[in-house]
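J.: sequence and computational prediction follow.
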Amino acid sequence: MRVLGIETSCDETAASIVSDEGEVLSDVVHSQVKLHAEYGGVVPELASRDHLKNGRYVVEAALERAQLGLEDLDGIAVTCRPGLAGALLVGVQLAQGLAWASGLPLVGVDHLVGHLLAAYLRFPGLEPLSPRLPFVALIASGGHTAIYRVDSKQAAGVRELGGTRDDAAGEAYDKVAKLLGLGYPGGPVIDRLAAEGDPRGVKLAKPMPQRDSLEFSFSGLKTNVARWVEQHGRPGDDQTLRDLCAAFQTRVVEALLSKTFRAVSNEEVDCVVLGGGVAANRQLRARAVELGTSRGIHVVAPPLRGCTDNAAMIAYAGAQRLLLGEDDRGQLTTSTKTGLPRVTRKGRGKRTRNLPHEV
Ligand code: KG4
Ligand code: ZN
């Protein structure tokens, strides 16, 4: 089965053709990063307009690179949730038009399920990874940060174990980068600077240190960095800047991985999958492998292009639905929220179940 995937949930216009076994036949991503950079974050209206402008060309490029026409495909998959309302509508309408014209079946995909299954993609020239079900997955991106137990490749087989109560990890990177005048997006530049810094050079408190909790909180860490900047002034391009980035990143990586490995032992699985843009982080990947090796846990992290937003993961997740004969033609709609059940409520209020010390 060959499936065209379309992704427009945030600031990447992407199209890809993938087989139901995960073989990536083409993978085209048009990034809007430059468009939003001067605003320090994604401007929803501009994102929608840019998807509208580029959607058709991105799909054409994906077909051309795979040397296939619509008639060679078996289905179309499109991100229908969660994401920016207008941005999602552009991709879904494009996919609907293509399905209508071609007569192909069409399925909607939850973007988070895409990230969860990205580890199954087989990119040309790269060794295939082999996540073993059931596994625990950490998805950390600009919009979401949560730990899941995954029992099957269908949304029904995914259970959230805990998530962030405030900012997503990528959002914390982007906000800290803005505070430090490092531009947008913050992840890649902080990753690079942190590699040359000493995390012991600057003291920052641990975010949400409760040992039993599988929830995260990153807004306090961001405030901590803001206070440091108020007290010491914004560092120039010097060693202090590198140390501050290293201290911030070490706190984020520690928080993400200590809770992920806690979930691994609670769930008694032997495989961890990383996904989402923050999983492109070099320190996170290296530390996860280190922790996994010492515990006999198989750690799977997709190549960088499989971590950040792409349409290959959407095509693959869609293929798993199409294989079951599912078809959303005539009833596809969008939502800004994930369809996966959530256990962590954002903001104040009751915490997740099984957190007696916090209730
Ligand atoms: O998954 P993604 O491409 O889009 C969303 O679904 O949000 O993730 C984007 C996020 C941004 O916040 C970006 O700063 C972060 O991932 N990111 C990184 C790295 N590369 C991208 N964070 C830490 N280290 C990186 N190397
Ligand atoms: Zn994403």
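T.: Nice, thanks for sending it over. Just so it is clear, the structure is predicted and the values come from calculations on it, not from any experiment. Numbering: from 1, shown residues only. Ligands and ions are numbered 1, 2, ... in the order given.

J.: separation between Ile314 and ligand 2?
T.: Separation of Ile314 from ligand 2 (C-beta to the ion, to the nearest Å): 10 Å. Yep, even glycine has a C-beta here, placed from its N, CA and C like the rest.

J.: next: Gly163.
T.: For Gly163, the distance to ligand 2 - C-beta to the ion - is 14 Å.

J.: hmm, that residue is touching Glu215, no?
T.: Yes: contact criterion C-beta atoms under 8 Å: Gly163 and Glu215 qualify, at 6.6 Å.

J.: find residues that contact each of those two.
T.: Residues within reach of Gly163 and of Glu215 at once, by C-beta atoms under 8 Å, 6 or more residues apart in numbering, are Thr344.

J.: look at the closest residue to Glu71 other than its chain neighbours and say how many residues are nearby.
T.: Counting by C-beta to C-beta, 6 or more residues apart in numbering, Glu71 lies nearest to Ser102, which is 7.3 Å off, once chain neighbours are set aside. The local packing of Ser102 (other C-beta atoms under 10 Å) involves 16 other residues.

J.: SS state for Ile17?
T.: Under DSSP: H, G, I helix; E, B strand; the rest coil, Ile17 falls in the strand class.

J.: touching, it and Ile6? I think so.
T.: No: contact criterion C-beta under 8 Å: Ile17 and Ile6 do not qualify, at 10.7 Å.

J.: show the contacting residues for the closest residue to ligand 1 within the stretch 251-359 of the chain.
T.: Nearest residue of the stretch 251-359 of the chain to ligand 1 (C-beta to the nearest ligand atom) works out as Gly277 at 2.1 Å. Listed by C-beta under 8 Å, 6+ apart, the contact set of Gly277 reads 140-142, 170, 185, 187, 307-309.

J.: look up how far Arg56 lies from the residue nearest to Glu71.
T.: For Ser102, the distance to Arg56 (C-beta to C-beta, to the nearest Å) stands at 14 Å.

J.: could you confirm Trp228 falls within a strand?
T.: No: assignment of Trp228 by three-state DSSP gives helix, placing it outside any strand.

J.: ok, it to Gly170 distance?
T.: 21 Å.

J.: who has more neighbours, those two?
T.: Ranked by neighbour count (other C-beta under 10 Å), Trp228 and Gly170 place Gly170 first, with 26 against 20.

J.: which residue, other than its chain neighbours, is closest to the more buried one?
T.: Leaving out its chain neighbours, the residue that sits closest to Gly170 by C-beta to C-beta, 6+ apart is Gly142, at 3.7 Å.

J.: need phi/psi at the residue nearest the centre of the chain.
T.: Centroid-nearest residue in the chain, with C-alpha atoms, centre = their mean: Gly276, separated by 2.3 Å. Dihedral pair for Gly276: phi 90, psi 160, per degrees, to the nearest 10.

J.: got the contact list for the closest residue to it other than its chain neighbours?
T.: Sequence neighbours aside, Ser141 is the residue nearest to Gly276 in space, at 3.4 Å (criterion: C-beta to C-beta, 6+ apart). Residues near Ser141 by C-beta under 8 Å, 6+ apart: 115, 168-170, 275-278, 309.

J.: and those, which two are furthest apart?
T.: Ala169 and Asp309 (15.0 Å; C-beta to C-beta).

J.: where along this protein do the helices fall?
T.: For the chain, helices defined by DSSP state H occupy the ranges 33-37, 44-66, 85-102, 111-117, 169-179, 186-194, 219-232, 239-267, 282-295, 304-307, 312-322.

J.: so of the ones you listed, which one's packed in deepest?
T.: Mean neighbour count (mean count of other C-beta atoms under 10 Å) peaks for helix 312-322 among these, with a mean of 30.
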